[in-house]
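Participant: Mind looking at a prediction? Sequence and model below.
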Amino acid sequence: MKVEVQWKKVVRPSAPTPHHWQKLKLSSMDDLQTPNYVGIIFYYRDNAENSGVDTLKRLRRMEESHSETLTIFYPMAGRYVEDDGCFIDCNDYGVEFVHAKVDARIDWIIHAEPDLDLLDRLSKFPIEAVVNTWL
């Protein structure tokens, strides 16, 4: 399967997290859990039949929407820290946003076993925690 990564970037929240919310302490139940990376990849079909759709405009809107969402769900743009008692450093670091083209049908990618090589080319995050789930 051929994968062409067009670009990768980090999307940050559209507004900074207030200083008094930047350290989200975890509960004692959270301390008992092992840290898990939760990676999510959204797949979108290229609508080549619809010539009125501007892909770059759609990507910009997705990026803006993601940025606005991270402002509301600010811990998702932070990082897990084990020092000084476990907490989420809500530092507005952001999340990875990847635009790639894959020469396969989307149904095949979604319903097939996870292709770890494909996931490795799309994201720098650990692939050992990957599960392909159809919701």
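Facilitator: It's in.

Participant: what about the protein, any weak spots by pLDDT?
Facilitator: Scanning the chain with the threshold set as pLDDT under 70 gives 35-39, 45-53, 119, 122-135.

Participant: ok, 90 please
Facilitator: Along the chain, the model assigns pLDDT under 90 to residues 1-8, 25-59, 79-88, 95-135.

Participant: Regarding it, what is its longest helix?
Facilitator: If you go by DSSP state H, the chain has its longest helix at helix 55-72.

Participant: Please list the residues outside that helix that contact it.
Facilitator: Applying CB atoms under 8 Å, 6 or more residues apart in numbering, the set of residues contacting helix 55-72 from outside is 9, 11-15, 17, 46, 76-77, 92, 94-95, 97, 99. Heads up, the C-betas are built off the backbone N, CA and C, glycines and all.

Participant: Show me which residues of it are buried.
Facilitator: When burial is assessed from 16 or more other CB atoms under 10 Å, helix 55-72 yields the following buried residues: 66, 67, 69, 70.

Participant: Quick check: the two most widely separated of the residues you listed?
Facilitator: Using CB to CB, these reach their maximum pairwise distance at 67 and 69, which is 7.3 Å.

Participant: measure residue 56 to residue 114 for me?
Facilitator: Going from residue 56 to residue 114 by CB to CB, to the nearest Å gives 29 Å.

Participant: Quick one: the helices in this protein, in order.
Facilitator: Along the chain, the segments classed as helices by DSSP H run 28-32, 55-72, 106-111, 116-122.

Participant: residues near residue 120, how many?
Facilitator: Residue 120 is surrounded by 14 other residues when neighbours are defined as other CB atoms under 10 Å.

Participant: count of residues packed around the residue lying closest to residue 79 once chain neighbours are set aside?
Facilitator: Here the nearest residue to residue 79 in space, its sequence neighbours aside, is residue 89; by CB to CB, 6 or more residues apart in numbering that works out to 5.1 Å. Residue 89 is surrounded by 15 other residues when neighbours are defined as other CB under 10 Å.
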